[in-house]
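Student: sequence? don't have it. structure:
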């Protein structure tokens, strides 16, 4: 197996729902509890060392060596299955992980609209239990918009409101350090805003291995899906940049094409003054 620490490249795994029978809206980006347990067992058996997003960014920022076979386990949005199914497995292996919470989707006082979320979400007590178990809690905006399409005012609201709620609900201590862009969409303006808001590291998607040269506000992740078999998963974490590139060649081509569409749409909105 390839040792990513020596290559200065790290697989950052992006999960969403962990559920046996999720609704159609989350099905493709979900994994079954059994598949998740098998994937975590593979990491344990092969000597991987899971880190939080903040720990990886700090090591790279301070030029400290990474542990043997580093990997990041991340969850977006805040689906309840992270607590019900993923947490017991993380505890079993003593694994660190990072949850990026969409604060307006979580059940409780800050829920922005009933039914806005795509599946049953965590409540705040469950989020606190995850944090107490060693899961880093990061931001994922307040209402999960396409952030590169927002006005400056709305962009600041999404970032700061998310940060404010996380700090309040997690005991009023240190503010969250990590952030992940909804849908993986960002541009220089979005990244500058997240940085100015006080976040120290931000994750995109990209379906490539993370590298120090990407910078702390554009680290790339690989998507774990319902269709990800154990052999494909092993290639994702141990096969190196070339194997990951081949696995996600189609996704990356679509991403590049859609980026052109998004930039064009953004320019047209600026001209017409109709940005969200």
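Tutor: On my side now, so go ahead. As the structure is a prediction and not an experimental result, all values here were calculated from the model. Numbers count the residues shown, from 1 in each chain.
Student: Is there a neighbour count for residue 49? I'd like the number.
Tutor: For residue 49, the neighbour count with other CB atoms under 10 Å is 14. The way it works is simple: take the backbone N, C-alpha and C, and place the C-beta from them, glycine included.
Student: ok, it to residue 10 distance?
Tutor: To residue 10, residue 49 is 10 Å away according to CB to CB, to the nearest Å.
Student: so what's in contact with these two at the same time?
Tutor: Between them, residue 49 and residue 10 share these contacting residues under CB atoms under 8 Å, 6 or more residues apart in numbering: 70-71.
Student: Just name whatever secondary elements the host helix or strand of residue 92 is in contact with.
Tutor: In this assignment (DSSP states H and E), residue 92 forms part of helix 87-93. Applying 3 or more CB pairs under 8 Å, 6 or more residues apart in numbering; DSSP states H and E, we find helix 87-93 packed against helix 33-45.
Student: pLDDT averaged over the helix it packs on, what's the number?
Tutor: Per-residue confidence for helix 33-45 averages out to 98 on the pLDDT scale.
Student: Do a quick rundown of the strands in the stretch 1-150 of the chain.
Tutor: In the stretch 1-150 of the chain, strands defined by DSSP state E, counting those that start in this stretch lie at 9-10, 12-15, 49-51, 70-77, 97-101, 135-139, listed in chain order.
Student: Tell me which strands the second one pairs with, and in which orientation.
Tutor: Translated: strand 12-15. strand 70-77 (parallel), strand 219-223 (parallel) (DSSP bridges).
Student: Reformat those as JSON lines; add mean pLDDT.
Tutor: Compiled in JSON lines, the strands paired with strand 12-15 are given as follows (pLDDT from 0 to 100):
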{"stretch": "strand 70-77", "mean pLDDT": "98"}
{"stretch": "strand 219-223", "mean pLDDT": "97"}
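Student: for the ones you listed, which one ends up most surrounded?
Tutor: Each of these was scored by mean neighbour count; the highest is strand 70-77, a mean of 25, by mean count of other CB atoms under 10 Å.
Student: Just the mean pLDDT for the helix or strand just after that one, thanks.
Tutor: Tracing the chain past strand 70-77, the next element assigned as helix or strand by DSSP H and E is helix 81. Helix 81 comes out with an average pLDDT of 98.
Student: Which residues are in contact with residue 41?
Tutor: Listed by CB under 8 Å, 6+ apart, the contact partners of residue 41 are residue 93.
Student: and if you look at residue 127?
Tutor: Listed by CB under 8 Å, 6+ apart, the contact set of residue 127 reads 78, 99, 101, 106, 137, 169-170.
Student: number of nearby residues for residue 128?
Tutor: Around residue 128 there are 15 other residues, counting by other CB under 10 Å.
Student: Please name the nearest non-neighbouring residue to it.
Tutor: Distances taken as CB to CB, 6 or more residues apart in numbering place residue 170 nearest to residue 128, at 6.6 Å, with adjacent residues excluded.
Student: and stretch 128-140, what's its mean pLDDT?
Tutor: Averaged across stretch 128-140, pLDDT comes to 98.
Student: what comes up buried for it?
Tutor: For stretch 128-140, the neighbour count (16 or more other CB atoms under 10 Å) marks 130-131, 135-140 as buried.
Student: could the residues you listed be laid out in a markdown table, adding distance to residue 116?
Tutor: A markdown table is the format used below for those (distance: CB to CB, whole Å):
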| residue | distance to residue 116 |
| --- | --- |
| 130 | 21 |
| 131 | 23 |
| 135 | 23 |
| 136 | 24 |
| 137 | 20 |
| 138 | 20 |
| 139 | 17 |
| 140 | 14 |
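Student: Pick out whichever of those sits closest to residue 191.
Tutor: residue 139 (13.6 Å; CB to CB).
Student: residue contacts, residue 233?
Tutor: The contact partners of residue 233, taken as CB under 8 Å, 6+ apart, are 39, 42, 224.
Student: What's the end-to-end length of stretch 107-119?
Tutor: One end of stretch 107-119 sits 11 Å from the other (CA to CA, to the nearest Å).
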